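1. Next input, structure requested:
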Amino acid sequence: SFALCRTFGTMVKSQKQGYAIVSVMGLYWAASAALISFFEHQHSGAAAKIAGAAMEGKEVRFGIPGSSLFAASTTLTSTGAVNSMHDSYTPLGGGVTILNMMFGEIAPGGTGSGLYGILVLAIVTVFVAGLMVGRTPEYLGKKLGAREMKFASLYILTTPAIVLCGTGLAMSLSAGHGGGMLNSGPHGFSEVLYAFTSAANNNGSAFAGITVTSNHWQEALGLAMAFGRFLPMVFVLALAGSLAKQQHTPESTGTLKTHSPLFVGMLSGVVLIVVGLTYFPALALGPLAEGLH
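-> Numbers count the residues shown, from 1 in each chain. Take a look at the predicted model:
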């Protein structure tokens, strides 16, 4: 998916557009790996102090740096592979892995989705910038009107609705609250939140403390996988079709430069704000509550 940024630049006849997108991807990937490594080096308890870091669930041949790098890379994409147990991470370190999946495969992308996640957020960023200066937003020569923003909004809201509704129902039903969760309290909630986030966002990894072999869990997570994968694609294709029907609009002096450092900063902020506002209450009940305990 990192290489697709160059393909994107070639398709729109401006490699700078691809460089801007890959800059945001690289920024989030590096920040994620650094944060996980930082949190996993925090000493909490006698065992962690003796080991020099939170080494539970990690192989000594990889240690904290290799485990953190792998955890960040796998949860930001759709690989689902792990080289350490995310359930054994510190509360805030595990919270970063959940947040990575909540971003929706944007750094750099995922199997079957590629770049469309970050490009939809780029469209939202251009729309927000247009509102700030009071002009019709344009991205790559295409005007962004009400129709385009409805499709972008539906894409952004679909997966969080699946994740949050699924988690809420699982926690409220006895089959979810009592069956499958190894832990209680905030960590048990994090296990359930991770499971639905992973299923809906096409990741595949899990907090290993949760057992999902019952019919309830297999049906719930199966539905999350089906709707979380295919519904967003429908809205992305509809958005693409709406943009493809438009005539190309030439750039003017008021057109936002979507290859500038300013746009890179705005896109990075919009990604964090959109995901943060959507998922922060759930994260506060799980990893944040456990980490601040």
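2. ranges for the helices of the stretch 151-293 of the chain?
-> Along the stretch 151-293 of the chain, the segments classed as helices by DSSP state H, counting those that start in this stretch run 174-178, 185-200, 215-244, 261-283, 289-291.
3. Figure out which of these is closest to Gly166.
-> When those are compared by Cβ to Cβ, helix 185-200 sits nearest Gly166, at 4.2 Å. All C-beta spots, glycine's among them, are computed from the backbone N, C-alpha and C.
4. Strands of the protein, start to end?
-> Taking DSSP state E, the strands of the chain run over residues 138-139, 142-143.
5. Distance from the last one to the middle of the chain?
-> The chain centroid and the centroid of strand 142-143 are separated by 26 Å, computed with Cα atoms, centre = their mean, to the nearest Å.
6. Strand partners (parallel or antiparallel) of that strand?
-> According to DSSP bridges, strand 142-143 forms sheet pairs with strand 138-139 (antiparallel).
7. chain center to the strand it pairs with, what's the gap?
-> 24 Å.
8. ok, now stretch 94-113?
-> That offset, for stretch 94-113, works out to 3 Å (Cα atoms, centre = their mean).
9. sorry, back to before: can you say which of the strands of the chain is packed in most?
-> strand 138-139 (a mean of 22; mean count of other Cβ atoms under 10 Å).
10. Give me the residues contacting it.
-> 122-123, 126, 130, 144, 249, 251, 255-256, 258 (Cβ atoms under 8 Å, 6 or more residues apart in numbering).
11. Rebuild these as a markdown table, extending it with neighbour count and distance to Leu157.
-> Output for the contacts of strand 138-139, formatted as a markdown table (neighbours: other Cβ atoms under 10 Å; distance: Cβ to Cβ, whole Å):
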| residue | neighbour count | distance to Leu157 |
| --- | --- | --- |
| Ala122 | 25 | 17 |
| Ile123 | 23 | 15 |
| Val126 | 23 | 19 |
| Gly130 | 19 | 20 |
| Leu144 | 21 | 17 |
| Thr249 | 14 | 28 |
| Glu251 | 12 | 31 |
| Thr255 | 16 | 28 |
| Leu256 | 20 | 24 |
| Thr258 | 24 | 24 |
